[in-house]
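>>> show me the folded form of this:
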Amino acid sequence: MNQKKSVNDDNDMAQARQTLYEVLIGIVLLMVAECLVGIIISHDLRAYVSGAVLGSVGAAFFYFHLFFSLDKALDKAEKEAIKYSKIQTVIRLVVMGAVIVVSFTFQEYISVIMTFVGMMNVKFAAYLQPFTNKLSNKIKGR
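Alright, predicted model coming up:
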């Protein structure tokens with residue numbers, strides 16, 4: 001097996017974990033912002049907030065799973081890593097699909113639109129990561 005430097009190197013792994021936490025903080029901040037907007041504009045606050053929370057939990061799962069599956073894939077041989085990554089991608093898609101199905105099934109309690117918006121928080125949080133990094137560094141005093 002070809003021994004290449006991977007994310008498992010201590011410094012790289014610490015930095016990757018820091019990025020994971022920063023993106024998760026971004027997902028939570030976005031969810032809170034969406035809920036605050038819902039207080040102002042929604043006529044069914046329970047469904048609005050439930051959708052935002054469900055979608056954000058799905059987004060957090062997506063990012064956690066992506067992080068850990070990529071870390072594992074980097075430790076495998078190329079062909080095995082490709083196969084493993086494809087399987088893990090299918091798992092993420094199935095879970096995200098299940099989140100949408102739950103939302104559609106319980107539409108009177110969960111906003112489908114806000115579930116989708118919450119799921120998109122994983123994308124928005126990635127863009128916010130430089131901001132959450134600065135915030136994290138300021139809190140830690142770096």
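>>> what are the ranges of the helices in the chain?
10-41, 45-73, 78-105, 112-140 (DSSP state H).
>>> tilt between the second one and helix 78-105?
Here the directions of helix 45-73 and helix 78-105 differ by 170 degrees (axes from the mean of the first three to the mean of the last three CA atoms, to 10 degrees).
>>> output the below-cut-off pLDDT ranges for the protein.
1-9, 142 (pLDDT under 70).
>>> one more pass at 90, please.
Along the chain, the model assigns pLDDT under 90 to residues 1-19, 22, 39, 42-43, 74, 128-142.
>>> sorry, back to before: same list, the helices of the chain, but as a markdown table with mean neighbour count please.
Backbone N, C-alpha and C define where each C-beta goes, glycine included. Putting these into a markdown table (neighbours: other CB atoms under 10 Å) gives the following:
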| stretch | mean neighbour count |
| --- | --- |
| helix 10-41 | 16 |
| helix 45-73 | 20 |
| helix 78-105 | 13 |
| helix 112-140 | 17 |
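>>> can you tell me how far residue 20 sits from residue 68?
9 Å (CB to CB, to the nearest Å).
>>> kindly report the same for residue 83.
The gap separating residue 83 from residue 68 is 17 Å, by CB to CB.
>>> just residue 43 next, same as before
40 Å.
>>> again, but for residue 92
For residue 92 relative to residue 68 (CB to CB), the value is 11 Å.
>>> so who does residue 92 touch?
By CB atoms under 8 Å, 6 or more residues apart in numbering, the contact list for residue 92 reads 62, 65-66.
>>> could you redo the last one with a cut-off of 10 Å?
58, 61-63, 65-66, 69 (CB atoms under 10 Å, 6 or more residues apart in numbering).
>>> what is the nearest of the residues you listed to residue 52?
residue 58 (10.9 Å; CB to CB).
>>> correct me, but that closest one touches residue 95?
Yes: taking contacts as CB atoms under 10 Å, residue 58 lies within contact range of residue 95: 7.0 Å.
>>> skipping adjacent residues, who's closest to residue 108 in space?
In space, and not counting its chain neighbours, residue 108 is closest to residue 47: 7.1 Å by CB to CB, 6 or more residues apart in numbering.
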